[in-house]
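Asks: I'll drop the sequence and a predicted model, then ask my questions.
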Amino acid sequence: MTRSRIPDWLLLLAVCFLFFLWGLASIGLIGADEPRYAQVAQEMLARHDWITPVLSGSPWLEKPPLYYWQAMIAYRIFGVSDWAARLPSAVDGFALVFAVYWFLRRFRPGFELDAALMLASSAGIVGYARAGSMDLPLAASFAIAMLAWFAWFESGRRAYLAAFYAFLAVAMLAKGPVAPALAGVILAVFVAVERTTRLAWITIIRKTLWLPGILLFCAIGLPWYVMVQLRNPQFFHEFIIEHNLARFGTNLYHHPEPFWYYLPVTLLGWVPWSVFVAAACVWAARRLRNRDADNLDAFLLTWIAVILAFFSISQSKLPGYVLPAVPPGMVLLSRYVRARIASKPPLAMVLLHSILSGALVFSALVIPYLSLQHRLPGDITLLVPILAAVAIAAAVVLSLGKYGYLGLRFITLVPAVLTVGIAMRTGAPALDATLSARPVAAALQTFDPNHLPIAVFMVSRETEFGLQFYRNQTIPRYELGQIPEGEHLLLAPQGRERGVARNAANRKVTYLGYVPAQNLKYFYVGAAGTP
């Protein structure tokens, strides 16, 4: 009763702000891809070039431009920072959540708020909404396109079909031709499953291939591809052949995983709702087999199944590839909850769900130990996370036992909010100290008022690309013979001092300091010929 006085849009804004924006800069850019993408956008903005992605002054044609364009706009408005580099994904997360809310309110009213809140709090969406990458821009634009197609399928309004083509073009600008390829397979399988006659199947496909929509898709999605190809003749081979076809069909980029890899990854993306989403998928599959499934349930299940099958076949697997399967899972969960609102969930599901909720809070509490000590504490310190996890699990069991499916949304949001809050307040400093190049760049700046060039020796790619963004300069690698002629700073892991001395022979080398959290030492190296 109290909640009903809060407008849905205001509640969604608050929840999305908490999960997507709060503490967005608490952790510096991590991994190799996040700082690399952020740096590409920074270089494109500096060159005033909205066509050719550039890294270290050279064309870098592995990805389409949507994220870069969004980041460039964020940089221009807010200045270049890691916070601005992540803003595009956060904004796309807002758009996705509100699109799901609007779609269900228009076509399946009653549980639209549940679906939107479940989606906003799912681990896959929260994680990638806080990352500077192409994965959430793709997942958001692709999901909006698919929901628009179903809106046309039910209503027959051409405006929805136009929206489908427009957002599908945006999705192609986010990640490439994989977007229209996936959409085509999903729609073909769904229509084949739902239509009982070959004539009906052909009719739906023919109506979907609407000429004005195809022209709209081409007008939005193709100009960049044409212009970048004209400016960079190597684009087609590098982007289409190597980074799409070869990435899918071979292990060229060394990301091999077993065929079943995406089953646990997708379940992790649905956390903390995984148990009930899995049950919703089984429920929808049974209804589909018995021919009593709602068209929307069949569509969502087909969407999930095609995404999982498509990327499971791929020879190159990364967790973010399967992110487009998260939104249909959460919408399907809201449909499942609505169908069972008057009943109580089975005890086994309640217990698994409660354990998962407790494990979330436990994980957030032990982040500092795992990050800084690389192990769980072996003393009484571990008692606090264990007791907190047990208390959360017990509260979830009791609440679900009393309120059943009616209370699932609120009961599960509590540990989700606690997890994000704890992770941002206690875990973020440890993650920043150990995983990001930001504290390393800050330490170097202490001894470098002149902003000297930086080189590295035997450091990780994550550190190299992170320094490249935070220093906005190309980072030479000593082990590759890329030794600057002038004076510069050098970063190397502890224990590599002999290699530093050997590569910097006949130069002045001065030890400056140490970053213990990342086991890195930094040195001043004089210009060539200085003793």
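Replies: Great, that's in hand.
Asks: so Leu512 is in contact with Leu520, correct?
Replies: No: the pair Leu512 / Leu520 is not scored as a contact, 11.2 Å apart, by CB atoms under 8 Å. Where you see a C-beta, it was placed from the backbone N, CA and C, and this is true even at glycine.
Asks: who's more crowded, those two?
Replies: Set side by side, Leu512 and Leu520 show more neighbours around Leu520, with 23 against 16, by other CB atoms under 10 Å.
Asks: next one: phi and psi at the nearest residue to Ala325 once chain neighbours are set aside?
Replies: Among residues not flanking Ala325 along the chain, Ile307 sits closest, at 4.0 Å (CB to CB, 6 or more residues apart in numbering). For Ile307, the backbone dihedrals (degrees, to the nearest 10) come out as phi -60, psi -50.
Asks: Ile307 - how many residues pack around it?
Replies: Ile307 has 25 nearby residues by other CB under 10 Å.
Asks: surely it and Gly329 touch.
Replies: No: judged on CB under 8 Å, Ile307 makes no contact with Gly329 at a distance of 9.7 Å.
Asks: list the residues that contact Ile125.
Replies: Shown in contact with Ile125 (CB atoms under 8 Å, 6 or more residues apart in numbering): 19, 93, 96-97, 119, 136, 139, 269, 323, 326-327.
Asks: let's have these in a markdown table, adding pLDDT.
Replies: Below are the contacts of Ile125 laid out as a markdown table (pLDDT from 0 to 100):
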| residue | pLDDT |
| --- | --- |
| Phe19 | 97 |
| Gly93 | 98 |
| Leu96 | 98 |
| Val97 | 98 |
| Leu119 | 98 |
| Leu136 | 97 |
| Ala139 | 97 |
| Gly269 | 96 |
| Leu323 | 96 |
| Val326 | 98 |
| Pro327 | 98 |
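Asks: and of those, the nearest to Trp50?
Replies: Leu136 (21.1 Å; CB to CB).
Asks: what's the neighbour count on the closest one?
Replies: When neighbours are defined as other CB under 10 Å, Leu136 has 31 of them.
Asks: give me the element it is part of.
Replies: helix 135-155 (DSSP states H and E).
Asks: distance between that helix and the chain's centre?
Replies: The gap between where helix 135-155 is centred and where its chain is centred comes out at 17 Å by CA atoms, centre = their mean, to the nearest Å.
Asks: now it: buried residues?
Replies: 135-153 (16 or more other CB atoms under 10 Å).
Asks: what packs against that helix?
Replies: If contacts are counted by 3 or more CB pairs under 8 Å, 6 or more residues apart in numbering; DSSP states H and E, helix 135-155 sits against helix 66-78, helix 82-107, helix 123-129, helix 158-175, helix 178-194, helix 295-313, helix 326-339.
Asks: try 6 Å this time
Replies: If contacts are counted by 3 or more CB pairs under 6 Å, 6 or more residues apart in numbering; DSSP states H and E, helix 135-155 sits against helix 82-107, helix 123-129, helix 158-175.
Asks: so what touches stretch 187-197?
Replies: For stretch 187-197, contacts defined as CB atoms under 6 Å, 6 or more residues apart in numbering pick out 201, 204, 298-299, 302, 306.
Asks: going by neighbour count, list what's buried in that stretch.
Replies: Of the residues in stretch 187-197, 187-191, 194 count as buried by neighbour count, 16+ other CB under 10 Å.
Asks: from Arg289, how far off is Thr463?
Replies: Going from Thr463 to Arg289 by CB to CB, to the nearest Å gives 52 Å.
Asks: those two: which has the busier surroundings?
Replies: Thr463 (23 against 9).
Asks: quick check, the more buried one in contact with Pro439.
Replies: No: contact status for Thr463 versus Pro439: not in contact, 10.9 Å apart, counting by CB atoms under 6 Å.
Asks: can you name the residues in contact with the helix holding Leu136?
Replies: The contact list for helix 135-155, computed with CB under 6 Å, 6+ apart, reads 66-67, 89, 92, 95-96, 99, 103, 128-129, 160-161, 163-164, 167-168, 170-171, 174-175, 179, 299, 320, 323-324, 327.
Asks: export only the CA atoms of it, formatted as PDB.
Replies: What follows is helix 135-155, C-alpha atoms only, in PDB (Å, rounded to 0.1, in the frame of the first residue of the first chain):
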ATOM      1  CA  ASP A 135      28.100  -5.700 -24.600                       C
ATOM      2  CA  LEU A 136      25.300  -3.700 -23.000                       C
ATOM      3  CA  PRO A 137      24.800  -1.300 -25.900                       C
ATOM      4  CA  LEU A 138      24.200  -4.500 -28.000                       C
ATOM      5  CA  ALA A 139      22.000  -6.200 -25.500                       C
ATOM      6  CA  ALA A 140      19.800  -3.100 -25.000                       C
ATOM      7  CA  SER A 141      19.300  -2.200 -28.600                       C
ATOM      8  CA  PHE A 142      18.800  -5.800 -29.600                       C
ATOM      9  CA  ALA A 143      16.200  -6.400 -26.900                       C
ATOM     10  CA  ILE A 144      14.300  -3.200 -27.800                       C
ATOM     11  CA  ALA A 145      14.300  -4.300 -31.400                       C
ATOM     12  CA  MET A 146      13.000  -7.800 -30.600                       C
ATOM     13  CA  LEU A 147      10.300  -6.400 -28.300                       C
ATOM     14  CA  ALA A 148       9.300  -3.900 -31.000                       C
ATOM     15  CA  TRP A 149       8.900  -6.800 -33.500                       C
ATOM     16  CA  PHE A 150       6.600  -8.700 -31.100                       C
ATOM     17  CA  ALA A 151       4.600  -5.500 -30.600                       C
ATOM     18  CA  TRP A 152       4.100  -5.400 -34.300                       C
ATOM     19  CA  PHE A 153       3.300  -9.100 -34.400                       C
ATOM     20  CA  GLU A 154       0.500  -8.700 -32.000                       C
ATOM     21  CA  SER A 155      -0.900  -5.300 -33.000                       C
END
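Asks: next, the angle from it to helix 295-313.
Replies: With axes from the mean of the first three to the mean of the last three CA atoms, to 10 degrees as the basis, helix 135-155 and helix 295-313 are set at 140 degrees to each other.
Asks: coming back round to it: which among the helices and strands packed on helix 135-155 is found nearest to His488?
Replies: The nearest among these, by CB to CB, is helix 82-107 at 23.9 Å.
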